[in-house]
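Chemist: Sequence first, then the predicted structure, then my questions.
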Amino acid sequence: MMQDSWRTLGACVVSLGFAATVAAAQREKPAKPPTLRVYFGTYTDAKSKGIYVGQFDLATGRLDSIELAAATTRPSFLAIHPNRRFLYAVGEIGDFQGKKTGAVNAFAIEPSGKLTLLNQQPSGGTGPCHVTVHPIGTCLLVANYSGGTVASLPIRDDGRLGEPASVIQHQGKGPNARRQERPHAHSINLDPAATFVFAPDLGVDKVFIYRVDAVQARLAPNDPAWVEVAPGAGPRHFDFHPNGRFAYVINELDSTVTAMAYDAPSGRLTPLGSVSTLPKDFSGSNTTADVHVHPSGKFLYGSNRGHDSIAILSIHADGTLRALGHESTRGKTPRNFALDPTGRYLLAANQDTSNVAVFRIDAKTGRLALIGEPVEVPRPVCIKMLSK
């Protein structure tokens, strides 16, 4: 009897040990990558009705379940509040409430992913094309292309926008008589410390530099107040290297990317040189659009409209660039693209073929590999990702 008891006790110990091992293994098992919510700003027309939303599976790279999130007019660029409860969209229009200005729209993000309009405010100029939210969530920044202005608007606790607290008019023109007849502010961006604001202006070949008071939602010119790029280059979008020591501006008119050294205490940018986004044998017309540095800091990507590709460049230790190659976006006019937070995927929005192509990024080479077929999204021009 005693022997049977010990045998039973031993079996229980083994069973408990096995259960503990299984439980430990389950605890150590990597969690399944989450599904992200993806919002698409669009140009509204017969195909598009406003802002769309879809689901993106980080495990497989699958993009699906595309539906209308909010009907609104020409929401060409979006920004998400750091608390993930609000989304802001420009209204790229020339007249708002009887005045010659565009609009900025504030939306609440519902649990379903749909958007509910909170309020609208003037953007401080015509043709708003880019918007950014300060990391502390109290200030929204907007660039107005047609008006050549930048503006700052306060964000209230409930996500609603106040009227512009500051509007600054750019001055000058460039050598391209058709495209640079006056200022055209094309994006507005923060440095990693969220102290300085950088606004590339396509019309005057300058990246303007501002100091930002996020609590008061006000902009003021920095000293130095700008950095110049090559005449006729047409600076458009802008991104920082993860190390905060380098910044990159993509130039729309001459299809180049200019690398710059960044001095964080002063906000000063110093050009290091420019690299073409196009193959040497390409002879067609092209304008660039968007630029992003990979989270690893090893690669930079830029979009070509005309060549209809993503340019892939490597980043050297000194911040300078070297062209690696190109990948077709499987559509026409890739105006905007996005990298997912893990750096494993790139999503490219093809405006004129109404689709979004998903690529897997090779972590060693930076090369792109298409996943499946492009997904239909009406007239996409901006992509923003949000974890659920």
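Modeler: All right, it came through fine. Numbers count the residues shown, from 1 in each chain.

Chemist: In terms of pLDDT, where does P135 sit?
Modeler: Looking at P135, its pLDDT reads 98.

Chemist: Surely it touches H81?
Modeler: No: P135 lies out of contact with H81 (Cβ atoms under 8 Å); the separation is 10.0 Å. For every residue, glycine as well, the C-beta is placed using N, CA and C.

Chemist: Those two: who's more crowded?
Modeler: H81 (20 against 14; other Cβ atoms under 10 Å).

Chemist: wait, doesn't that one sit right on T138?
Modeler: No: assessed by Cβ under 8 Å, H81 is found out of contact with T138, at 10.1 Å.

Chemist: Identify the contacts common to the two.
Modeler: Among the neighbours of H81, those also in contact with T138 (Cβ atoms under 8 Å, 6 or more residues apart in numbering) are I155.

Chemist: Ends of stretch 357-366, what's the gap?
Modeler: 17 Å (Cα to Cα, to the nearest Å).

Chemist: So H307 belongs to a helix, correct?
Modeler: No: assignment of H307 by DSSP: H, G, I helix; E, B strand; the rest coil gives coil, placing it outside any helix.

Chemist: tell me the contacts of it?
Modeler: With contact taken as Cβ under 8 Å, 6+ apart, H307 is in contact with 278-279, 282, 284, 286, 326.

Chemist: Find the residue at the geometric middle of this protein.
Modeler: By Cα atoms, centre = their mean, the chain has its centre lying nearest to A338, at 5.9 Å.

Chemist: Quick check: the gap between that one and D239.
Modeler: As judged by Cβ to Cβ, to the nearest Å, A338 and D239 stand 12 Å apart.

Chemist: Mutual contacts of those two, please.
Modeler: Counting by Cβ under 8 Å, 6+ apart, the contacts common to A338 and D239 are H292.

Chemist: where along the stretch 151-300 of the chain do the strands fall?
Modeler: Secondary structure of the stretch 151-300 of the chain, counting by DSSP state E, counting those that start in this stretch: strands at 166-169, 189-190, 196-201, 206-213, 218-228, 235-240, 246-251, 256-263, 268-276, 287-293, 299-305.

Chemist: Each with direction, which strands does the fifth one pair with?
Modeler: Okay, so that is strand 218-228. strand 206-213 (antiparallel) (DSSP bridges).

Chemist: Could you check the angle the strand it pairs with makes with strand 246-251?
Modeler: Strand 206-213 runs at 130 degrees relative to strand 246-251, counting by axes from the mean of the first three to the mean of the last three Cα atoms, to 10 degrees.

Chemist: mind exporting strand 206-213 as PDB, just the C-alpha atoms?
Modeler: In PDB, the C-alpha atoms belonging to strand 206-213 read as follows (Å, rounded to 0.1, in the frame of the first residue of the first chain):
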ATOM      1  CA  LYS A 206      13.900  76.500 -48.700                       C
ATOM      2  CA  VAL A 207      13.200  74.400 -45.600                       C
ATOM      3  CA  PHE A 208      11.900  77.000 -43.100                       C
ATOM      4  CA  ILE A 209      12.700  76.400 -39.400                       C
ATOM      5  CA  TYR A 210      10.500  77.400 -36.500                       C
ATOM      6  CA  ARG A 211      10.400  77.100 -32.800                       C
ATOM      7  CA  VAL A 212       7.100  75.800 -31.400                       C
ATOM      8  CA  ASP A 213       5.400  76.600 -28.100                       C
END
